[in-house]
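Novice: This is a predicted model, with the sequence first.
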Amino acid sequence: MSDKAWSGRFAEPVSELVKRYTASVFFDRRMAAQDIRGSLAHAKMLAACGIIAARDLADIERGMAQIAGEIERGEFQWSLDAEDVHLNIEKRLTALVGDAGKRLHTGRSRNDQVATDIRLWLRDSIDTIDGLLRNLQASLLDVAETHAETPLPGFTHLQVAQPVTFGHHLLAYVEMLARDRSRFADCRARMNRLPLGAAALAGTTFPIDREFVAKELGFDGVCENSLDAVSDRDFAIEFCAAASLVMTHVSRFSEELILWMSPRIGFIDLADRFCTGSSIMPQKKNPDVPELARGKTGRVYGHLMGLLTLMKGQPLAYNKDNQEDKEPLFDTADTLIDTLRIFADMVPGIRVKPEAMAEALRQGFATATDLADYLVKKGLPFRDAHEAVARAVRAAETKACDLADLPLNELQQFSPLIGDDVYSVLTVAGSLAARDHVGGTAPKQVKASIARARKRL
Ligand code: ARG
């Protein structure tokens, strides 16, 4: 097709610039394996339905096996002239097996072909991503178990609020990732319908068997409407939305790792292999990996926006606009897969510094709510208890000590209900142990929660 027009219908070939502008082979060749799989299933069905001869099927299978080998070995000659992955493979097939290759496209269009290929590609990606999300959950659970009893200041508004355990904190991310996995599973289930048979847009005049192809390719059924089958990319948008939410969660976690690793906070350290130094400041150890993950989140959101915008103005059915779906999709999957791999590796190497966490708890009056609850249990209305403790905090602040450091007679100035049993609620361990219900931070509950999460993995 190099210097020739597209077909006999055209009076002149496209210009070099247009050829480059419209070609997709340099990115859609990533779907070569899926394209071959789809073509083989289609050819098998054509033969089973008597639309092509058994001999043609055998030729197509032989040619495709050869092509798959060439691609795998990096010997396949991809050509811009053949525009995209589909035409490249078809052209090579015809060169190898002759007329049988020319018969492959019977009852099919590149429109239903590409819609099938992307679904197959995304389905594989989702399966990979699910495994990686699971691995990251497993890493988080291991660290959570080690630190099921390690106290960490829980924050609201980034101000010390109440003690939690580090394990409890990590379990929050395990939950987020569980929802992420179920979102991908939903996306996969909706996507797993076969578009082939829709042909260009209206279906085909050949007596095809779509269920046969669906079964061959592991789809749960066929797309019901041919126009919808070739034109909508909502499944790709859903994929990017699910990916964006994973990145949101990864980004929040990254932000915490970065803050925790700052020497001003110093709650954790990350293994050296995830950090870099500075070319000018010798003392620096920068958390590059979490910072980049936070940054790459924006890139994935961008792809989601890109795909939504790509779709919104398209009349039914297929339009060339849709060719633009691939690069954002591939990049979304690549970014997510790399990020999840790195995080699953990085999390087990988080070095926790319990002394720094304990010190922050002391400075933050983290057990103030426990003192208020204590007074309520002795009969004081909550609002009055809140006020009494607020005044006690102010006194401790003036003396630069923790509530638990105030002597009993001093504490009793804020409420006569305070007895010497108060010190057990003012300790961090007491505060943690008291939150003893499903979802609470008591170490006993954290351990039970880890066990349940492990079972669900
Ligand atoms: N490369 C095209 C794409 O990615 C394949 C479908 C082309 N169909 C067409 N009618 N031009 O969407």
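Specialist: Structure received.
Novice: which of the residues in stretch 80-92 are buried?
Specialist: 80, 82-92 (16 or more other C-beta atoms under 10 Å). Quick note: C-beta positions are derived from backbone N, CA and C, even for glycine.
Novice: Which ones among these also lie next to the ligand?
Specialist: With C-beta under 6 Å from any ligand atom as the criterion, those include D84 near the ligand.
Novice: Strands of the stretch 251-400 of the chain, start to end?
Specialist: 268-269, 351-352 (DSSP state E, counting those that start in this stretch).
Novice: Paired strands for the last one, with orientation please.
Specialist: Here strand 351-352 is paired, per DSSP bridges, with strand 268-269 (antiparallel).
Novice: Can you give the contact residues for the partner strand?
Specialist: Outside strand 268-269, the residues that touch it by C-beta atoms under 8 Å, 6 or more residues apart in numbering are 257, 260-261, 350-353.
Novice: Out of the strands of the stretch 251-400 of the chain, which is the most enclosed?
Specialist: Across the strands of the stretch 251-400 of the chain, averaging neighbours per residue (mean count of other C-beta atoms under 10 Å) puts strand 268-269 on top, at a mean of 18.
Novice: gap between F235 and H386?
Specialist: 51 Å (C-beta to C-beta, to the nearest Å).
Novice: So if I had to pick from these two, which one is more boxed in?
Specialist: A direct count of neighbours by other C-beta atoms under 10 Å for F235 and H386 places F235 higher, at 19 against 16.
Novice: what residues does the stretch 251-400 of the chain put near the ligand?
Specialist: Counting by C-beta under 6 Å from any ligand atom, the stretch 251-400 of the chain comes close to the ligand at 318, 320, 322-323.
Novice: which element follows whichever helix in the chain runs longest toward the C-terminus?
Specialist: Longest helix in the chain, counting residues (DSSP state H): helix 110-146. Next in sequence after helix 110-146, counting helices and strands by DSSP states H and E, comes strand 151-156.
Novice: buried stuff in whatever helix or strand comes next after that next one?
Specialist: Following the chain from strand 151-156 toward its C-terminal end, the next helix or strand by DSSP H and E is strand 159-165. By 16+ other C-beta under 10 Å, the buried positions in strand 159-165 come out as 160-165.
Novice: burial count for the closest residue to T205 other than its chain neighbours?
Specialist: Nearest non-adjacent residue to T205, counting by C-beta to C-beta, 6 or more residues apart in numbering: G107, 7.9 Å away. Neighbours of G107 under the rule other C-beta under 10 Å: 22.
Novice: what does D99 give?
Specialist: 11.
Novice: Name all residues that make contact with it.
Specialist: D99 neighbours (C-beta under 8 Å, 6+ apart): D56.
Novice: distance of the residue of the stretch 251-400 of the chain found nearest the ligand from R233?
Specialist: For the stretch 251-400 of the chain and the ligand, the shortest gap (C-beta to the nearest ligand atom) falls at Q323, measuring 3.6 Å. In this view, Q323 and R233 are 11 Å apart by C-beta to C-beta.
Novice: now swap in P328 and tell me
Specialist: 10 Å.
Novice: shared neighbours, those two?
Specialist: In contact with both P328 and R233: L307, using C-beta under 8 Å, 6+ apart.
Novice: How about the residues of the stretch 101-250 of the chain by the ligand?
Specialist: 110-111, 114.
Novice: Out of the residues you listed, grab the one that's most surrounded.
Specialist: Busiest of those [other C-beta under 10 Å] is V114, holding 26 neighbours.
Novice: Tell me the confidence at Y318?
Specialist: If you check Y318, the pLDDT there is 97.
Novice: let me fix that: H169
Specialist: For H169, the model assigns a pLDDT of 98.
Novice: for K312, same thing?
Specialist: Per the predicted model, pLDDT is 98 at K312.
Novice: And for E327, the neighbour number?
Specialist: 16.
Novice: Neighbours of the nearest residue to it once chain neighbours are set aside, how many?
Specialist: In space, E327 comes closest to F27 once its chain neighbours are excluded; the distance is 5.4 Å by C-beta to C-beta, 6+ apart. Counted with other C-beta under 10 Å, residues neighbouring F27 total 16.
Novice: And for K353?
Specialist: Neighbourhood size, K353 [other C-beta under 10 Å]: 16.
Novice: and what of E61?
Specialist: E61 has 17 nearby residues by other C-beta under 10 Å.
Novice: That one against L40, yeah?
Specialist: Yes: look at E61 against L40 with C-beta atoms under 8 Å: they come within range, at 6.6 Å.
Novice: Quick check: which element contains the closest residue to the ligand within the stretch 151-300 of the chain?
Specialist: The stretch 151-300 of the chain approaches the ligand most closely through A200 (7.0 Å), counting by C-beta to the nearest ligand atom. Assignment of secondary structure by DSSP H and E places A200 within no helix or strand.
Novice: That one against R108, yeah?
Specialist: No: under the criterion of C-beta under 8 Å, A200 is not in contact with R108, lying 9.1 Å apart.
Novice: just the helices in the stretch 201-350 of the chain please.
Specialist: Assigned by DSSP state H, counting those that start in this stretch, the stretch 201-350 of the chain shows helices spanning 210-217, 226-231, 234-261, 288-312, 326-346.
Novice: returning to what we had before: of A200 and R108, which one has the most company?
Specialist: R108 (25 against 15).
Novice: Check the burial of A33 by counting its neighbours.
Specialist: Neighbour count for A33, taken as other C-beta under 10 Å: 15.
Novice: Disregarding residues adjacent in the polypeptide, which is nearest to it?
Specialist: Going by C-beta to C-beta, 6+ apart, A33 has A68 as its nearest residue, at 7.3 Å.
Novice: Q34 is in contact with the one you found, correct?
Specialist: No: counting by C-beta under 8 Å, A68 sits too far from Q34 to count as a contact (11.5 Å).
Novice: So for those two, which sits in the more crowded spot?
Specialist: Higher neighbour count among A68 and Q34: Q34, with 21 against 17, using other C-beta under 10 Å.
Novice: you'd agree the more buried one is up against D117?
Specialist: Yes: between Q34 and D117 there is a contact under C-beta under 8 Å: 4.6 Å.
Novice: so where's the chain uncertain?
Specialist: 1-4 (pLDDT under 70).
Novice: Let me know the outermost residue of it.
Specialist: Centroid-distance maximum for the chain: N409 at 55.4 Å, with C-alpha atoms, centre = their mean.
Novice: more crowded one of Q323 and R233?
Specialist: R233 (21 against 18).
Novice: Cheers, nothing more for now.
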